[in-house]
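Engineer: Dropping the sequence and predicted coords here.
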2 protein chains.
Amino acid sequence: MAVGVKEVAAAAGVSVGTVSNVLNRPDRVPEGTVQRVQQAIDQLGFVRNDAARQLRAGRSRSIGLVVPDIGNPFFAEVARGAEDRAADAGMTVLLGNSDENDARQGAHLALFQEQRVNGVLLTPASDDLASLRRFTDAGMPIVLVDHEAEEGALASVAVDDREGGRLAVSHLLQAGRRRIAYVSGPRTVRQVAQRLRGAEDAVAAVPDAVLEVIEQPSLTVLQGRAAGEQLAARAAEDRPDAVFAANDLLAVGLLQAFSFGSGIRVPEDIAMVGYDDIDFASATVVPLSSVRQPARLLGWTGVDLLLKELGGATQDGDDHDRRIRFQPELVARDSSGG
Amino acid sequence: MAVGVKEVAAAAGVSVGTVSNVLNRPDRVPEGTVQRVQQAIDQLGFVRNDAARQLRAGRSRSIGLVVPDIGNPFFAEVARGAEDRAADAGMTVLLGNSDENDARQGAHLALFQEQRVNGVLLTPASDDLASLRRFTDAGMPIVLVDHEAEEGALASVAVDDREGGRLAVSHLLQAGRRRIAYVSGPRTVRQVAQRLRGAEDAVAAVPDAVLEVIEQPSLTVLQGRAAGEQLAARAAEDRPDAVFAANDLLAVGLLQAFSFGSGIRVPEDIAMVGYDDIDFASATVVPLSSVRQPARLLGWTGVDLLLKELGGATQDGDDHDRRIRFQPELVARDSSGG
DNA sequence: ACTAAAGAATGAATCGTTTCATGCTCATGA
DNA sequence: TCATGAGCATGAAACGATTCATTCTTTAGT
């Protein structure tokens, strides 16, 4: 019933070693033999057992990717980029959703470790990176994605979130807005916090500008809508005249709340800037201004970095090469009056 | 260096069999022993090697999921649903993108087969299901998702696409439109073809209505924009007065093309209906009417079905239970004048 | 004709976990 | 006192592919 190399070997009249060679280094086996073995394989419908292969090899041929939410187009893009680069290297990507939850993240990492992945790309659910040592110490390299590593311990591929926040809010201030609201996700999420710092930087540079923070439990369209309804419920004079959303999903939700039901006009009453510049940003009710990040490139580079760490001299590279940082870019559309 | 059960056993002063029991059936081992072993595990930082485990077990604890494009929010939702159900059963989901390409799909399936997955959920890239037999014959069950199985061979979870197409176009016809364009993806994609048939059904029921088909190479925002630009380039009188897009991504692209640059008004000049009702549909320039499918439920049910096939009596269940079909639902918004 | 070297093929050992038939100990009841 | 059985623990065998030192075969060179 079970077809293994042994059965194939018997059918082809060769030894198991030869079958293995045909499978892994066909060039070292004469043409004729390859054919004979190949034929036996097809005939018997032999399928390599990857578990046995990995067991022997001691490693798998996959890398892990843990993101907060693959439903977010931004991370979907990151994943595509990662998969592209991994496929080039003949590797598979194992995906895990953390839901911005440390426990879930840990569970995924532990699982990946059991699978003996070559390493993992991680967008951390929180700033608590200490718990990662457990994994890196055990020899599972981790590359932080969209989250800058503090010191030399971890490699990272990030985008300057503080600068992104500054860009967004400066833009709103330049458009004459003064009462800015930052609709954020949980502050434990590093990106959210950094963007806020950038926003503060920008506000601090303009004397009469003020910044209000509205914190939502997660970075979803739904929460954006909730925040929007909350703002709409306020008296007009208590409302901000501009909103900077921590990501486009929140922004879309806000837009939905403003546009339908409440008669708040964007950008006249409230100007808006989102973050990530997902594909849908330019197709929203009011085309959404947003801070663009090179999502796909982020994933691609993350895997690339990981492969370098694996192959190349461990740990030696300039610390510089291990902490890559891209710059964000503001894309102005109608929602900010521009 | 390598820490295996053997080392743990030595450290705890027990046999490997006992360590294994602590790991897998702690209830059969006295409290004290469990503690001692547990402590050794922590101390040595032992991590189970899943490859060895699987090798012994002969199966993995994961199931595969192959979709055309995880970047499409619809499939992202399907994936979430699948993951939810799988996690309940203590299983992991392996993800593969086919890019609507048969070869890629086959590569993923082959890989999953090597991993000895318990089965796979597949949204086929084309109508060529014959090539799947190779896998099912080898004992890897396949559940079709968002694609109805023809006969009894395969299980499936689908949504009635023909009815969905009919719903969409009837709605446009009821709004008084007569020159309908169906902006489709590759016709080899079953869903695309079925929705077209539904559209034809609806058009056939109204004497002076005509249907034009504009076929795009893929179901993406980019292709939608291309189609939109193509339509915008036509003389006004040659344009359709309504467009039914094969999915929301295309619809968003069309909307982008119509709204910016060309002065085509939606729904006045051209009414629109999309498909899938993704989260963003209600936040587009002109809120998009769309045919809603229970995406998450689709994924959830797919895994559920798979688990039943695995656990329960193989192949015996009423053929009826193995081919589940949900009904779509029209959500009318501004884009269709509704 | 004989040796050396190159080319093919071999198959036992190995990876780390789980299983399971077997053995040991101790308490209970006859 | 002895048999019985329950409760634990044991450790060799098995899973299936890969590796590598070894053997066998052929060819080339002198």
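Structural biologist: All right, it came through fine.

Engineer: Which pLDDT does the model give A:Asp319?
Structural biologist: According to the prediction, A:Asp319 has pLDDT 62.

Engineer: How many residues are close by A:Glu200?
Structural biologist: A:Glu200 has 18 neighbouring residues, counting by other Cβ atoms under 10 Å in any protein chain shown. The C-beta positions use only the backbone N, C-alpha and C, and glycine is treated the same way.

Engineer: For the nearest residue to it once chain neighbours are set aside, list each beta-bridge partner.
Structural biologist: Of all residues not flanking A:Glu200 in the chain, A:Leu211 sits nearest, at 6.3 Å (Cβ to Cβ, 6 or more residues apart in numbering or on different chains). Counting by DSSP bridges, A:Leu211 is bridged to A:Ile180.

Engineer: again with A:Glu329
Structural biologist: For A:Glu329, the beta-bridge partners are A:Arg292 (DSSP bridges).

Engineer: Close to DNA strand C: what parts of chain A are there?
Structural biologist: Residues of chain A lying close to DNA strand C by Cβ under 7 Å from any atom of the strand are A:9, A:13-18, A:21, A:28-30, A:33, A:52, A:55-56, A:58.

Engineer: what does the stretch 151-300 of chain A have sitting close to chain B?
Structural biologist: For the stretch 151-300 of chain A, the contact set with chain B under Cβ under 8 Å from any Cβ of the partner chain comprises A:221, A:252-253, A:255-256, A:259-260, A:279-280, A:282-287.

Engineer: For DNA strand D, state which of the residues you listed is nearest.
Structural biologist: Nearest to DNA strand D among these is A:Asp279, at 40.6 Å by Cβ to the nearest atom of the strand.

Engineer: hang on, A:Ala52 packs against B:Leu55?
Structural biologist: Yes: because the distance of 5.1 Å satisfies Cβ atoms under 8 Å, A:Ala52 is recorded as touching B:Leu55.

Engineer: So which of these two has more stuff around it?
Structural biologist: When A:Ala52 and B:Leu55 are compared for neighbours, B:Leu55 comes out ahead with 19 against 16, by other Cβ under 10 Å.

Engineer: Looks like the more buried one contacts A:Asn49 (just checking).
Structural biologist: Yes: with contact defined as Cβ under 8 Å, B:Leu55 counts as touching A:Asn49 (7.1 Å).

Engineer: And the helix or strand hosting A:Leu306, what does it pack against?
Structural biologist: A:Leu306 belongs to helix A:295-311 when assigned by DSSP states H and E. Contacts defined by 3 or more Cβ pairs under 8 Å, 6 or more residues apart in numbering or on different chains; DSSP states H and E place helix A:295-311 against strand A:62-67, helix A:73-88, strand A:120-122, strand A:142-145, strand A:155-159, strand A:323-326.

Engineer: What are the buried residues along it?
Structural biologist: Neighbour-count burial for helix A:295-311 flags A:295-307, A:309 (criterion: 16 or more other Cβ atoms under 10 Å in any protein chain shown).

Engineer: tell me which residues in the helix or strand encompassing A:Thr33 are buried?
Structural biologist: Using DSSP H and E, A:Thr33 falls within helix A:31-44. Residues A:Thr33, A:Val34, A:Arg36, A:Val37, A:Gln38, A:Ala40, A:Ile41 are the ones in helix A:31-44 that count as buried (16+ other Cβ under 10 Å).

Engineer: just stretch A:91-104 next, same as before
Structural biologist: Across stretch A:91-104, burial judged by 16+ other Cβ under 10 Å covers A:Met91, A:Thr92, A:Val93, A:Leu94, A:Leu95, A:Gly96, A:Asn97, A:Ser98, A:Glu100, A:Arg104.

Engineer: tell me the contacts of the fourth one?
Structural biologist: By Cβ atoms under 8 Å, 6 or more residues apart in numbering or on different chains, the contact list for A:Leu94 reads A:Ser62, A:Ile63, A:Gly64, A:Leu65, A:Phe112, A:Gln115, A:Val117, B:Thr92, B:Leu94.

Engineer: ok, which pair from the residues you listed is furthest apart?
Structural biologist: Within the contacts of A:Leu94, A:Ile63 and B:Thr92 form the most distant pair, 14.9 Å apart (Cβ to Cβ).

Engineer: Let's see stretch A:4-11 as CSV, backbone CA atoms only.
Structural biologist: Extracted in CSV, the C-alpha atoms of stretch A:4-11 (Å, rounded to 0.1, in the frame of the first residue of the first chain):
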residue,chain,number,x,y,z
GLY,A,4,8.3,4.5,-0.5
VAL,A,5,11.7,4.7,-2.1
LYS,A,6,12.1,1.1,-1.2
GLU,A,7,9.2,0.0,-3.4
VAL,A,8,10.3,2.3,-6.2
ALA,A,9,13.8,0.8,-5.9
ALA,A,10,12.5,-2.7,-6.2
ALA,A,11,10.3,-1.9,-9.2
